[in-house]
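Student: Test case, fold it:
(one chain, ligands or ions: 1)
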Amino acid sequence: MPDAPLISALVVLAIFHTRNAGAPIGGSIRVAQTVAKRYRELGGSIQFNAKVDKILVEHDRAVGIRLADGTEHRADAVISAADGRTTIFRMLEGRYAGPEIRRAYAEWKVYPPVLQVMMGVARDLSAEPHHLIFDLPSPILVAGQARTMLDVLHYCHDPSTAPQGKSVVQVWYGSNYDYWAALRRDAESYALEKQRVADLSIAELDRRWPGFARQLEVVDVATPLTYERYTGNWQGSPDGWCITTANMGKELPKRLPGLRRFYMAGQWTMPFSGVPGAATSGCHAVQLLCKDDRKEFERHAARGVEPVSSPEFHDDQQAG
Ligand SMILES: Cc1cc2nc3c(=O)[nH]c(=O)nc-3n(C[C@H](O)[C@H](O)[C@H](O)COP(=O)(O)OP(=O)(O)OC[C@H]3O[C@@H](n4cnc5c(N)ncnc54)[C@H](O)[C@@H]3O)c2cc1C
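Tutor: Predicted coordinates:
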């Protein structure tokens with residue numbers, strides 16, 4: 001991240017050091033399942049596969065949502081945790097953006113999308129470092145950019161990711177949305193480029209770990225368009241806004257000027273939010289809702305919540 005203040009990296013390290021952060025066993029799906037379980041226990045209900053198209057507004061008050069299938073749901077209040085640009089400028093047609101938000105959306109830099117090659121390999125990599133970045137003997141051309149290094153992670157610290165003796169491995173490249181969007185106009189070229197990126201990555205891993213290519217059992221490539229399709233995030237950005245020396249410490253308003261009973265949460269409400277920032281922003285949105293309702297805001301830590309396996313959370317489903 002160009003222009004990122006060094007302190008932001010130190011803060012992350014400090015949070016890990018104080019054991020206030022970690023990598024959840026079971027991955028992000030387990031985190032989502034745990035949150036969903038808690039939400040239901042508190043009386044919430046979730047409708048999956050329900051894409052919101054419009055936020056319904058009457059007399060400058062949010063009164064519900066309209067789904068892509070045309071059905072409407074009325075509500076006392078609406079909280080959007082979807083992509084910020086889509087929410088403000090499409091679902092609400094930009095009518096309540098206000099100068100502060102408009103300036104941020106015009107000037108703040110979006111965290112660039114990523115290209116990932118995920119692999120399942122019949123090889124135990126647990127003795128290798130969890131995260132490796134190594135120089136390549138000669139540059140490789142990936143998604144129109146010459147790459148001189150390979151960024152590799154394995155997940156052997158998490159036994160739920162692969163059977164014993166096998167490993168999940170990921171190669172990660174910073175990428176470019178427009179490159180993939182142009183390729184996607186022709187399905188065959190898009191598929192071929194994904195295959196080419198996978199082959200190049202596998203060849204480099206085989207050079208480092210001879211026999212790796214032969215031991216591969218499954219390969220999947222996710223492009224910025226994959227992320228856009230699953231999350232609706234602008235340009236498939238994994239993290240919303242880049243943190244820079246200009247926006248560090250700033251947050252965007254979670255209420256929009258002139259619109260009542262509407263609140264925003266999620267990674268687009270603050271720079272480089274990640275999961276902790278997105279979760280905190282949800283808490284802030286509810287605090288604002290309580291204030292508007294003249295209710296005291298109470299927060300209770302959920303203790304002993306065990307993750308559950310839920311058939312509703314398959315990776316091909318998009319949460320509503
Ligand atoms: C590969 C990768 C690795 C990452 N690693 C880390 C990490 O190690 N630590 C960390 O803190 N962060 C990490 N992040 C970032 C983190 O995942 C995000 O910042 C975080 O998930 C943002 O949460 P969110 O709720 O704002 O948005 P999202 O997680 O994008 O969720 C938005 C939800 O809204 C739904 N939605 C969107 N549009 C609509 C619509 N119109 N109607 C209905 N539903 C809709 C989507 O389907 C989705 O379920 C990573 C991201 C990626 C991609």
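Student: Excluding chain neighbours, what is closest to Met118?
Tutor: Spatial nearest neighbour of Met118, chain neighbours left out: Asp220 (4.7 Å); criterion: C-beta to C-beta, 6 or more residues apart in numbering. Glycine gets a C-beta too; all of them are placed from N, C-alpha and C.
Student: And for Pro276?
Tutor: Ala21 (7.2 Å).
Student: what sits against that neighbour?
Tutor: The contact partners of Ala21, taken as C-beta atoms under 8 Å, 6 or more residues apart in numbering, are Val12, Ile15, Pro276.
Student: just Thr269 next, same as before
Tutor: Gly84, Glu251, Leu252, Lys254, Gly277, Ser281.
Student: host element of the closest residue in space to it that isn't next to it in sequence?
Tutor: Counting by C-beta to C-beta, 6+ apart, the nearest residue to Thr269 once its immediate chain neighbours are dropped is Ser281, at 4.6 Å. If you go by DSSP states H and E, Ser281 is part of helix 274-292.
Student: Among the contacts of Thr269, name the buried ones.
Tutor: For these, a burial check counting by 16 or more other C-beta atoms under 10 Å picks out Gly84, Leu252, Lys254, Gly277, Ser281.
Student: Mind giving me the packing neighbours of the helix or strand bottoming out on mean pLDDT in the chain?
Tutor: In the chain, no helix or strand scores lower on mean pLDDT, DSSP states H and E than helix 6-17, which sits at a mean of 90. Applying 3 or more C-beta pairs under 8 Å, 6 or more residues apart in numbering; DSSP states H and E, one finds that helix 6-17 contacts no other helix or strand.
Student: low-confidence ranges in the stretch 1-150 of the chain?
Tutor: Within the stretch 1-150 of the chain, no range satisfies pLDDT under 70.
Student: go with 90
Tutor: Counting by pLDDT under 90, the stretch 1-150 of the chain has low-confidence residues at 1-4, 8-9, 11-12, 16, 19-24, 28, 143-144.
Student: Now do the helices in it.
Tutor: Along the stretch 1-150 of the chain, the stretches classed as helices by DSSP state H, counting those that start in this stretch are 6-17, 27-41, 84-85, 98-107.
Student: same check, this time on the stretch 151-300 of the chain
Tutor: According to DSSP H, counting those that start in this stretch, the stretch 151-300 of the chain carries its helices in the segments 177-184, 187-208, 212-215, 224-231, 274-292.
Student: Next, give phi and psi for Ala127.
Tutor: Per-residue torsions, Ala127: phi -80, psi -10 (degrees, to the nearest 10).
Student: So it versus Arg207, what's the distance?
Tutor: 18 Å (C-beta to C-beta, to the nearest Å).
Student: So between these two, which is more surrounded?
Tutor: More crowded of Ala127 and Arg207, by other C-beta atoms under 10 Å: Arg207, with 14 against 6.
Student: need the contact list for the more buried one.
Tutor: By C-beta under 8 Å, 6+ apart, the neighbours of Arg207 are Pro137.
Student: One more pass at 10 Å, please.
Tutor: Phe134, Leu136, Pro137, Leu150, Ala213 (C-beta atoms under 10 Å, 6 or more residues apart in numbering).
Student: Now, these that are in strands?
Tutor: Of these, the ones assigned to strands by DSSP state E are Phe134, Leu136, Pro137, Leu150.
Student: which one of the residues you listed is nearest the ligand?
Tutor: For these, the minimum distance to the ligand (C-beta to the nearest ligand atom) is 16.4 Å, reached by Leu150.
Student: excluding its backbone neighbours, what's nearest the closest one?
Tutor: Glu204 (5.3 Å).
Student: circling back: for the helix holding Ser281, buried residues please.
Tutor: Applying 16+ other C-beta under 10 Å to helix 274-292 flags Gly277, Ala278, Ser281, Gly282, His284, Ala285, Val286, Leu288, Leu289 as buried.
Student: For Arg255, see how far away the fifth one is.
Tutor: Computed as C-beta to C-beta, the His284 to Arg255 distance reads 10 Å.
Student: which residues are in contact with both of these two?
Tutor: Tyr263, Met264.
Student: ok, and the closest non-adjacent residue to the residue most central in space within the chain?
Tutor: In the chain, the residue lying closest to the centroid (C-alpha atoms, centre = their mean) is Pro238, at 4.3 Å. In space, Pro238 comes closest to Val114 once its chain neighbours are excluded; the distance is 5.6 Å by C-beta to C-beta, 6+ apart.
Student: ok, now Met270?
Tutor: Among residues not flanking Met270 along the chain, Glu251 sits closest, at 4.5 Å (C-beta to C-beta, 6+ apart).
Student: Met248 too?
Tutor: Ranked by C-beta to C-beta, 6+ apart and with sequence neighbours excluded, the top spatial neighbour of Met248 is Pro5, at 5.2 Å.
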